[in-house]
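Q: Following is a predicted model, sequence given first.
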2 protein chains.
Amino acid sequence: MKSVATDVLISEVGPRDGLQSIKSIMPTDLKNKWIDALFLSGIREIEVASFVPTKLLPQMADASLVVKHATTHPGLTVMALVPNLRGAQAAIEAGVHKITIPVSASAAHSMANVRKTREEMIEEVKKISQYRNAHAPNVKIEAGISTAFGCTLQGLVPEDDVIWLAEQVILAGADESGLSDTTGYANPAQIKRLFKRLRAAIGNKAGAAHLHNTRGLGLANCLAAFEAGVTSFDSSLGGLGGCPYAPGASGNVVTEDLVFMFEAMGITTGVNLDLLFKARNPLQDGVPQETLYGMVPEAGLPKGFAAATPWSHQ
Amino acid sequence: MKSVATDVLISEVGPRDGLQSIKSIMPTDLKNKWIDALFLSGIREIEVASFVPTKLLPQMADASLVVKHATTHPGLTVMALVPNLRGAQAAIEAGVHKITIPVSASAAHSMANVRKTREEMIEEVKKISQYRNAHAPNVKIEAGISTAFGCTLQGLVPEDDVIWLAEQVILAGADESGLSDTTGYANPAQIKRLFKRLRAAIGNKAGAAHLHNTRGLGLANCLAAFEAGVTSFDSSLGGLGGCPYAPGASGNVVTEDLVFMFEAMGITTGVNLDLLFKARNPLQDGVPQETLYGMVPEAGLPKGFAAATPWSHQ
């Protein structure tokens, strides 16, 4: 199985974003099997863990072990979320290829989420970058701007704040900065406008779209982001994680449905849908009490469906 | 409450498409209350019934009564579905403003659905148009091309067939022809391509997008249709109807979520979301055993949300 250039990159965040949002703790060996199945389906970037204090997130206590296993897959970019320098040091120690740092555009959310102001978080990005430069120059740093499209605490988040923050984290040494619709507030017009502004501000350091489906607009927003030039998308298998307000709803965009949309449109993801559906099994084994979402896995592929990604079933 | 020009027209199909897809029969007075609530929210086109033999669809036995009630609302376009001339005669007799005739682009689906070939359905459209011209020249005729994006029976539906059929129904006297994703097979690229071809073929007689959410792409497809110039959209309150394969899934696009998407984007629908949510109550009262879908009604409007349609709450 060799890597091929694809039109878009699907970055699976379930093992981090999904698992840290639910109460049950998935055993390490099942996390590893899940990651194996995702890799087998063609997924080439996975956010496998977050490096945070175990007492805060016991679901992530095995972060180093999971990273070590994931890095055995050739061609897989292994990511971890870190909120601060200490987490970054642990992630680099474990062997990650890429770090993602959440930086909130909402002043209120920033204090609530990481107990730091936005300015303090920019300083944290700078410290992490300096540490990376000195000790692990090959590790990439992404700083994702969360609550970029609105905040459940402060409501409106000024677009100027979002762009300012993205510029600051790049100046602080991040390699890329994407935008996250943490609250599921975004609409397609806003997505296009803000991602275009992002690209105008930081050029090809503009990163992934991390979008939620809280109000049903997840795929429409991904489509809008794609049309605005975004080629990297975060999503979660089975829609695990996020803030599941609604019955049948999910926080994160469902990977299966997102891959289906792109493949149906003739846009290659590198992912095989049949194998992706099979990756739901180890996930469900690991969190038997959770409901997995996904419209395409339930409805099945259309009769005569032809995917964009060429693939030989072996 | 006066009519205002809006950017898009939301055509509510729940009282027809929704109610005929479920087993329970909604009492006439509750159908009327539901239609009243929809009108109050700003909806200005409703497909209220289908005129088909009662033994086939007992849910629609009161079609004439429902039409008569609906036509008491000034400014409301009252539509009904008819499969043939006899149904059209009954609908016109009852006082509808607009008739919609389903014409399937899939030869296999056409036989299964109406026991007629596509050529026989074109003849039926011609007969209905001639009857309309002679007896009710003010009544509009829409011929919607169903299975326009694929068919569960024959799989691929050639795009040339779809466009040919749309041209034929216009030649047969229909005032407009839209495209229906009956099977939930469509993707945004296909939507754009086919609606652009439709407009190139029949100009401003190109009609509504009737899209389903079976594979989660309902709103993304509506967005694509809007970007391709479509301004009229069918949807169903609470996602009632269609083919609900998946838990939390629905067949028809959910009106509440569709209106939210457009209003959030700054595109006026003329519909007030708070009042639209309230229209779920008479619907739920009428079909107490059915689950109503809708992500926005469950999650609520974003904090600080501003709709595009100006509206004074009274």
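A: Nice, thanks for sending it over.
Q: Surely A:Gln289 is in contact with A:Ser24?
A: Yes - using C-beta atoms under 8 Å, A:Gln289 makes contact with A:Ser24 at a distance of 6.0 Å. The C-beta positions use only the backbone N, C-alpha and C, and glycine is treated the same way.
Q: of these two, who's got more company?
A: A:Ser24 (11 against 8; other C-beta atoms under 10 Å in any protein chain shown).
Q: quick one: contacts for the more buried one?
A: Contact criterion C-beta atoms under 8 Å, 6 or more residues apart in numbering or on different chains gives A:Gln59, A:Val287, A:Gln289, A:Glu290 as the residues in contact with A:Ser24.
Q: any weak-confidence spans in the stretch 201-314 of chain A?
A: By pLDDT under 70, the low-scoring segments of the stretch 201-314 of chain A are A:242-250, A:311-314.
Q: If we use 50, what do you get?
A: When the per-residue scores of the stretch 201-314 of chain A are filtered using pLDDT under 50, the ranges that remain are A:243-249, A:313-314.
Q: Which residues are in contact with the residue nearest to the spatial centre of chain A?
A: In chain A, the residue lying closest to the centroid (C-alpha atoms, centre = their mean) is A:Asp234, at 3.7 Å. A:Asp234 makes contact with A:11-13, A:17, A:47, A:178, A:180, A:208-211, A:252-253 under the criterion C-beta under 8 Å, 6+ apart.
Q: Which of those sits closest to chain B?
A: Distance to chain B across the contacts of A:Asp234 (C-beta to the nearest C-beta) is lowest for A:Val253, with 9.5 Å.
Q: The closest one: what's it in contact with?
A: A:Leu211, A:His212, A:Asn213, A:Gly218, A:Leu219, A:Cys222, A:Phe233, A:Asp234, A:Ser235, A:Ser236, A:Gly239.
Q: can I assume the first one is in contact with A:Ala224?
A: When you say that, I think you mean A:Leu211. No - counting by C-beta under 8 Å, no contact exists between A:Leu211 and A:Ala224, whose distance comes to 9.3 Å.
Q: Touching both of the two, which residues are there?
A: Common neighbours of A:Leu211 and A:Ala224 (criterion: C-beta under 8 Å, 6+ apart): A:Ile191.
Q: So for these two, which residue has more residues nearby?
A: Each of A:Leu211 and A:Ala224 has its neighbours counted (other C-beta under 10 Å); A:Leu211 has more, 29 against 26.
Q: now A:Lys205: how far from chain B?
A: Per C-beta to the nearest C-beta, to the nearest Å, A:Lys205 is found 27 Å from chain B.
Q: Go ahead and confirm that residue touches A:Gly178.
A: No - contact criterion C-beta under 8 Å: A:Lys205 and A:Gly178 do not qualify, at 9.7 Å.
Q: higher neighbour count, the two?
A: Applying other C-beta under 10 Å to A:Lys205 and A:Gly178 shows that A:Gly178 carries more neighbours, namely 26 against 19.
Q: check contacts around the more buried one.
A: When contacts are counted by C-beta under 8 Å, 6+ apart, A:Gly178 touches A:Glu142, A:Gly144, A:Ile145, A:Ala206, A:Gly207, A:Ala208, A:Ala209, A:His210, A:Ser232, A:Asp234.
Q: Nearest to B:Thr6, out of those: which one, please.
A: Among the contacts of A:Gly178, A:Ala209 lies closest to B:Thr6 (C-beta to C-beta), at 29.5 Å.
Q: Backbone torsions only: list them for the closest one.
A: Recorded main-chain torsions at A:Ala209 are phi -100, psi 120, according to degrees, to the nearest 10.
Q: now A:Ala172
A: phi -80, psi -10.
Q: neighbours of it, just the number please.
A: A:Ala172 is surrounded by 22 other residues when neighbours are defined as other C-beta under 10 Å.
Q: Output the set of residues of the stretch 201-314 of chain A in proximity to chain B.
A: A:213-217, A:219-220, A:222-224, A:245-249, A:254, A:257, A:260-261, A:264-267, A:291, A:293-296, A:298-300, A:302-304 (C-beta under 8 Å from any C-beta of the partner chain).
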